[in-house]
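Peer 1: how would this look folded up:
(one chain, ligands or ions: 1)
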Amino acid sequence: MKRDLVTIDDVSDETLLSLMDLADKIRKNLRGHAADLPGFLMGSLFLEPSTRTRLSFETAMLRLGGRVITSSDPLTSSSSKGETLLDTIRIVDSYVDLLVLRHPAAGAARLAARAARGPVINAGDGSHEHPTQTLCDLYALRCERGKLRDLNVVLYGDLRFGRTTHSLARALIRFGASLIAVAQGDLELPDFVVRDLLRRPGIGARRVVVDDMEDVFQRRDVKALWIGPESRLPARPSDGRRLPLELRDRMVDAIYVTRLQKERMSGAATAGAGLPILDHRFLQSPPFRECVVLHPLPRVQEIAIEVDSDPRAAYFRQAALGVPIRMALLLWAAGAVELPDGLVLEAPKLVPGYACENPGCISVLERGSVPQEVGLRSDDDPRCLYCEERARET
Ligand code: NCD
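Peer 2: Here you go, the predicted structure:
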């Protein structure tokens, strides 16, 4: 079976850990792998801006002794002439051995993986997922904290349009994490992510109010969603009263900051009330004293420049790990190494009579060439299999 990476749930926990072990070995001798994939050709098709993801993938393939062809400017690709993604994929797939795709539409990578003969790696599909950033994030957490299990992680910023937190939350919850999602205004984790986390055995969520951190958040009563193992969550208040989260009593292992994805915000979606910039004052607060600061980058204004010199600022180290972990991933996807497999989720059952109406989904944007596919898993509503948003009955 070909090895695609469309969502982070395509790879089991065992595979994720083995990829990190392999990256550890690669990192010790980055220049010693030039004979690992000789003659292998990777196509990098980036129909949205990128610096780190594209360059780290290309660096990874070149360091493995393979070669790369690139299309990195949407304006010079035929998609700007109206070519469908399906046609573009059919062509590029016929040229290369493996394809890395970034696309502005949710579900684009799934469509590409189904159309392509060779493996397809999702380098970001709209505001849906970014699984290889998660590989890099998990690897950074493991390197910085020395473990991946049972971490307390604060997700901070634009959690709705920022695709990196969607894949990261899915992965971290599998490793027993407690997530405290603090969103910028109304940009909360989307329903498709939260529902997915809550379907996992033993996982619960509480809407909480952080009310002991006024000095850090510069306002009272910051709302948060706390998701994690039910055994570590507070009891639900029976009288429907708000549930305070005493963040000050908690040790945060990592804070994962994201920028506002302004390019994905329509008029209807606004950032709402702002969250403060992460700065020295913020990091002096007890829960953050021992934490590492992660960010998928690019940073715009969410983290003060002064934090860069703080040893807890791990975001540049995190970005550098993108090369060895992507080298490991490419070796796996190319079939050059065997790692333990394992299925993560039950496959959804296809259900007729439903259609996707998410304007950001590839099945809506390119309706003529993409069949509607809606699936059902136990305890859930019918969802589009491309973007995972709820589907409408037709
Ligand atoms: C992220 C992305 O493209 O989703 N960048 C990246 O790949 N490192 C995050 C972002 O653009 O904010």
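Peer 1: Show the pLDDT at the residue of the stretch 51-200 of the chain found nearest the ligand.
Peer 2: Closest residue of the stretch 51-200 of the chain to the ligand, Cβ to the nearest ligand atom: Thr53 (4.2 Å). Just so you know, the C-beta spots here come from the backbone N, C-alpha and C atoms, and that holds for glycine as well. Listed pLDDT for Thr53 reads 95.
Peer 1: and the protein, which of its residues are near the ligand?
Peer 2: 52-53, 124, 130, 133, 162-164, 258-259, 296-298 (Cβ under 6 Å from any ligand atom).
Peer 1: could I get these as JSON lines with secondary structure and neighbour count?
Peer 2: Converted to JSON lines, the residues of the chain next to the ligand look like this (DSSP: H, G, I helix; E, B strand; the rest coil; neighbours: other Cβ atoms under 10 Å):
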{"residue": "Arg52", "secondary structure": "helix", "neighbour count": "17"}
{"residue": "Thr53", "secondary structure": "helix", "neighbour count": "25"}
{"residue": "Gly124", "secondary structure": "strand", "neighbour count": "25"}
{"residue": "His130", "secondary structure": "coil", "neighbour count": "28"}
{"residue": "Gln133", "secondary structure": "helix", "neighbour count": "25"}
{"residue": "Gly162", "secondary structure": "coil", "neighbour count": "25"}
{"residue": "Arg163", "secondary structure": "helix", "neighbour count": "25"}
{"residue": "Thr164", "secondary structure": "helix", "neighbour count": "27"}
{"residue": "Thr258", "secondary structure": "coil", "neighbour count": "27"}
{"residue": "Arg259", "secondary structure": "coil", "neighbour count": "19"}
{"residue": "Pro296", "secondary structure": "coil", "neighbour count": "26"}
{"residue": "Leu297", "secondary structure": "coil", "neighbour count": "20"}
{"residue": "Pro298", "secondary structure": "coil", "neighbour count": "11"}
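Peer 1: out of the residues you listed, which one sits closest to Glu388?
Peer 2: Nearest to Glu388, judged by Cβ to Cβ, of the residues of the chain next to the ligand is Arg163 at 11.7 Å.
Peer 1: show me what contacts the closest residue to that closest one other than its chain neighbours?
Peer 2: Distances taken as Cβ to Cβ, 6 or more residues apart in numbering put His130 closest to Arg163, at 4.5 Å, once the chain neighbours are dropped. His130 makes contact with 53, 122-124, 163-164, 166-167, 296, according to Cβ atoms under 8 Å, 6 or more residues apart in numbering.
Peer 1: Can you say which two of these are spatially most distant?
Peer 2: Thr53 and His166 (15.4 Å).
Peer 1: Can you show me the helices along this protein?
Peer 2: For the chain, the helices defined by DSSP state H cover 13-28, 52-63, 85-95, 108-115, 131-145, 163-174, 191-198, 214-217, 280-284, 315-320, 322-333, 362-365.
Peer 1: counting contacts, what elements does the last one pack onto?
Peer 2: It stands for helix 362-365. helix 108-115 (3 or more Cβ pairs under 8 Å, 6 or more residues apart in numbering; DSSP states H and E).
Peer 1: Figure out how far the helix it packs on is from the centre of its chain.
Peer 2: 17 Å (Cα atoms, centre = their mean, to the nearest Å).
Peer 1: any idea how far the nearest residue to Arg392 once chain neighbours are set aside is from Glu263?
Peer 2: Distance criterion Cβ to Cβ, 6+ apart; nearest residue to Arg392, sequence neighbours excluded, is Glu357 at 5.1 Å. Between Glu357 and Glu263 the computed distance is 22 Å (Cβ to Cβ, to the nearest Å).
Peer 1: Tell me which of those two has more neighbours.
Peer 2: Glu357 (14 against 10; other Cβ atoms under 10 Å).
Peer 1: Leu41 versus that one, what's the distance?
Peer 2: 38 Å.
Peer 1: what does Phe217 give?
Peer 2: Distance from Phe217 to Leu41, by Cβ to Cβ: 50 Å.
Peer 1: residue furthest from the geometric center of the protein?
Peer 2: Asp239 (36.2 Å; Cα atoms, centre = their mean).
Peer 1: Low-confidence stretches in the stretch 151-300 of the chain?
Peer 2: 267-273 (pLDDT under 70).
Peer 1: The same query, at a cut-off of 90, please.
Peer 2: 185-186, 210-222, 234-242, 244-250, 261-275 (pLDDT under 90).
Peer 1: Near the nearest residue to Asp93 once chain neighbours are set aside, how many other residues are there?
Peer 2: Once flanking residues are discounted, Asp93 sits nearest to Ala116: 4.0 Å by Cβ to Cβ, 6+ apart. Ala116: 21 surrounding residues under other Cβ under 10 Å.
Peer 1: mind listing what Ala116 touches?
Peer 2: Ala116 touches 89-90, 93, 99, counting by Cβ under 8 Å, 6+ apart.
Peer 1: Swap in 10 Å and give it another go.
Peer 2: For Ala116, the contact set (Cβ atoms under 10 Å, 6 or more residues apart in numbering) comprises 2, 4, 43, 89-90, 92-94, 96, 98-99, 101.
Peer 1: Take the residues you listed and lay them out in a markdown table including neighbour count and pLDDT.
Peer 2: Listed next are the contacts of Ala116 as a markdown table, based on neighbours: other Cβ atoms under 10 Å; pLDDT from 0 to 100:
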| residue | neighbour count | pLDDT |
| --- | --- | --- |
| Lys2 | 12 | 92 |
| Asp4 | 21 | 96 |
| Gly43 | 22 | 98 |
| Ile89 | 24 | 96 |
| Arg90 | 14 | 96 |
| Val92 | 20 | 96 |
| Asp93 | 20 | 98 |
| Ser94 | 10 | 98 |
| Val96 | 19 | 98 |
| Leu98 | 25 | 98 |
| Leu99 | 26 | 98 |
| Leu101 | 27 | 98 |
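Peer 1: Which of those residues sits closest to Val68?
Peer 2: Here the nearest of the contacts of Ala116 to Val68, counting by Cβ to Cβ, is Gly43; it sits at 7.7 Å.
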